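Asks: quick one: sequence plus predicted model below, questions after.
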Amino acid sequence: MTEPASLLAWIAFVCLVAVTVGSAVLVVTLRNLFHAVLALIASLLGVAGLYLMLLAEFVAAIHVLIYVGAVATLFLFVIMLTVRIDDAALRQSNRQVIPAIALCGAGLALLLAALLAAPWTPVEEIRPPGVQQIGHDMLTTYLLPFEVVSLLLLVALVGAVTLARREDQRT
Amino acid sequence: MIPLAPFLVVSAALVAIGVFGALTRRSALGILMSIELIINAAALNLVAFSQHIRTSDAESTAGQMFALFAMAIAAAAAAVGLSIVICIYRNSKTVNVDKIDLMRW
Amino acid sequence: MPSPETALSGEPESLLAVFGWYILASVLVIGFVTVSAMFLIWWERKVSAHMQSRLGPMRVGWHGWLQSIADALKLLQKENIIPARADRPVFWMAPVVVFIPAFLAYVCIPFGPRLIAEDLTIGLLYILAITSVAIVGIFMAGWASNNKYSSLGAMRTVAQMVSYEVPLLLSLLGVVILTQSLSMQTIVESQAGIWFIALQPLGFLIYITAATAEVNRTPFDIPEAESELVAGYHTEYSGMKFAFFFVAEYTNLFTIAAIATALFLGGWHGPLLPPVVWFLLKSYFIVFLLMWFRWTFPRVRIDQMIGLGWKVLIPLSFLNLILTSLVVLLLQGGSAGGVS
């Protein structure tokens, strides 16, 4: 077995979880959409911290680079373009709140029951793969998915440009 | 090292919160944000599993690889989703999905 | 030097040592960042002045070298003005969100053979990832000010930073291919024989151009084009909050120069003088180069700038990447790549 986690590791973990889950709750409840994106960013940074706790530092760095540097920025852009500042006071949730809480609570309970009852057998010793190993595998074992994702990104790029372009510019 | 179970609980909670947001948000942007939360939870789960449970060292990168691909796909989804939101906003001056009820305008 | 791994799994004694080391490193970095930013502000004013046949600040101290301290004292005494309809919490947080990533990037900057806070295996990627968080702070400032010039400035800044981040990253990949490592120390150490600027001249040029845009300096200072946008995203900021933006800007300037030094100019390698001195000399030389650009090139138009990024720099950096990998492959023959 790997040696048990120290107190410091547990403190760090609990803080990260508090940030991640707390901000996630804010993401779905805040009325002001701009604030919701900021909460989303905090939650994403928390997830990056959790990746670090899992000794997956490469994934953590890429996560910050892609999500905070690109995806969240896109969200902020679109919010600045579409949301008017007076919209902040509008009600942001529909009338399904109570059924949704019931449904998600039931789903969560089911997930937790299944997860905690399952007999996981963890590895004897954790040897996280290095950056070189990840790079090597990505271009050998996972070459086909890699190429497919590249194609998907290209299609998404062209699609996004076509969709967001104003039609009347051509005339 | 923190054991596996706490990570699974966190990601289950994130999925539940994300589903709740996708069900209750009125704004298309809010729904997209909730979907990002769900994708994140899945990626976190994959990495946690791959670090803690594996049968051979050859597959030690599998989970991280899936997480990386999931991020790429989430970025693509966000880009296309947000450009659709801009299109909708241009045509109907709102991004609230319960206001968008016309097939033509 | 204790590592975070021992702190996360080890016994309580190492915990104190680790915390002590982290606090010491943070204090050193904060001290360096502040002094360096104040020096750079004075230096920029002097360089600008002399390039225009002026003298620049002369009143405070010998040739005005205390001017920045006087400015800091003045900023400290200023009243904190918050616009009436501003988004107050976000308005308060924005300068901090801009400053913290600029400061955190210093974890991985190799000032000397042993003088690095933590030589992460993903050092270069870490610096690039953490500095991209600052974009969020700029957006927060632009939105919270509730001012059209701030919003426009923020949107322009972010459009520029996002488009120039791509060539910036790609231009650095050439060096990563040569060294097969992302650790800043390994990259510097592998330049003992020859500096990478000799092997990667195109990469260096792309990097310097993209970096100038990344820190929003003339000729790419569209985000804060004074004549069109007042001051861009920090129009509404005053006092210490403004000082935060200002210090973050000069901190980023030094970070950009330090990355160029470590990746292309041989880092702390150099004869006679101690390594730290070499590193600082080279970095401040790059900073001087960027200041020289400011008074040499006129500001470009926004469409020209975005066009330059997407149509010139990105294809060029792809070319650089392909050429580098081809040469490395040919030189290494069939044994290239692979960890097994």
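Replies: Nice, I can see it. Everything numeric here is computed off the predicted structure, so don't read it as measured data.

Asks: name the nearest residue to C:Met58, ignoring sequence neighbours.
Replies: Leaving aside its chain neighbours, C:Met58 sits nearest to C:Gly64 (4.9 Å; criterion: CB to CB, 6 or more residues apart in numbering or on different chains). The C-beta positions use only the backbone N, C-alpha and C, and glycine is treated the same way.

Asks: for A:Pro122, same thing?
Replies: A:Pro122 sits nearest to B:His52 (CB to CB, 6+ apart), 4.7 Å away.

Asks: the one you found against B:Leu4, yeah?
Replies: Yes. Counting by CB atoms under 8 Å, B:Leu4 is a contact partner of B:His52 at 4.2 Å.

Asks: shared neighbours of those two, which are they?
Replies: The contact sets of B:His52 and B:Leu4 overlap at A:120, A:122 (CB atoms under 8 Å, 6 or more residues apart in numbering or on different chains).

Asks: picking up where we left off before, looking at it, the residue nearest to C:Met58 is touching C:Trp43, isn't it?
Replies: No. With contacts defined as CB under 8 Å, C:Gly64 does not count as touching C:Trp43, sitting 10.8 Å away.

Asks: before we move on, back to that, which one's more surrounded, B:His52 and B:Leu4?
Replies: Shown here are B:His52 and B:Leu4; by other CB atoms under 10 Å in any protein chain shown, B:His52 has more neighbours (22 against 19).

Asks: quick check, the residue in chain C closest to chain A?
Replies: Proximity of chain C to chain A (CB to the nearest CB) peaks at C:Ser132, 3.3 Å away.

Asks: neighbours around that residue, how many?
Replies: Using other CB under 10 Å, C:Ser132 is surrounded by 23 other residues.

Asks: tell me, how many residues neighbour the residue lying closest to it once chain neighbours are set aside?
Replies: Leaving aside its sequence neighbours, C:Ser132 sits nearest to A:Gly69 (CB to CB, 6+ apart; 3.3 Å). A:Gly69 has 22 neighbouring residues, counting by other CB under 10 Å.

Asks: which residues touch A:Gly69?
Replies: Contacts of A:Gly69 were listed using CB under 8 Å, 6+ apart, and they are C:129, C:132-133, C:135, C:162, C:165.

Asks: okay, these in CSV with pLDDT, secondary structure and distance to C:Val107 next?
Replies: Listed next are the contacts of A:Gly69 as CSV, based on pLDDT from 0 to 100; DSSP: H, G, I helix; E, B strand; the rest coil; distance: CB to CB, whole Å:
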residue, pLDDT, secondary structure, distance to C:Val107
C:Ala129, 90, helix, 12
C:Ser132, 88, coil, 15
C:Val133, 89, coil, 14
C:Ile135, 87, helix, 19
C:Val162, 83, helix, 24
C:Glu165, 88, helix, 20
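
Asks: which two from those end up farthest apart in space?
Replies: The distance between the two most remote of those (CB to CB) is 13.9 Å, for C:Ala129 and C:Val162.

Asks: quick one, which of those two is more surrounded?
Replies: A direct count of neighbours by other CB under 10 Å for C:Ala129 and C:Val162 places C:Ala129 higher, at 22 against 17.

Asks: what separates the more buried one from A:Ala60, distance-wise?
Replies: Between C:Ala129 and A:Ala60 the distance is 8 Å, computed by CB to CB, to the nearest Å.

Asks: quick one: B:Leu37 and B:Phe20 touch, right?
Replies: No. The pair B:Leu37 / B:Phe20 is not scored as a contact, 9.6 Å apart, by CB under 8 Å.

Asks: shared neighbours of the two, anything?
Replies: Taking CB under 8 Å, 6+ apart as the criterion, B:Leu37 and B:Phe20 both touch A:Val28.

Asks: which helix or strand contains C:Leu24?
Replies: Using DSSP states H and E, C:Leu24 sits in helix C:12-51.

Asks: average model confidence for that helix?
Replies: For helix C:12-51, mean pLDDT is 83.

Asks: now do it: distance to the chain's middle.
Replies: Centroid separation between helix C:12-51 and its chain, computed with CA atoms, centre = their mean, to the nearest Å, is 13 Å.

Asks: same check on stretch A:143-152?
Replies: Distance of stretch A:143-152 from its chain centroid, counting by CA atoms, centre = their mean, is 21 Å.

Asks: also stretch A:33-47?
Replies: The chain centre lies 10 Å from the centre of stretch A:33-47; the measure is CA atoms, centre = their mean.

Asks: with stretch C:132-150 instead?
Replies: Centroid separation for stretch C:132-150 versus its chain: 19 Å, with CA atoms, centre = their mean.

Asks: do the strand or helix carrying B:Ala76 and chain C meet?
Replies: According to DSSP H and E, B:Ala76 maps onto helix B:62-92. No. Helix B:62-92 does not reach chain C (CB under 8 Å from any CB of the partner chain); its nearest approach is 11.9 Å.

Asks: could you tell me how many residues sit around the residue of chain B at minimum distance from chain C?
Replies: Proximity of chain B to chain C (CB to the nearest CB) peaks at B:Met1, 6.6 Å away. B:Met1 is flanked by 21 other residues according to other CB under 10 Å.
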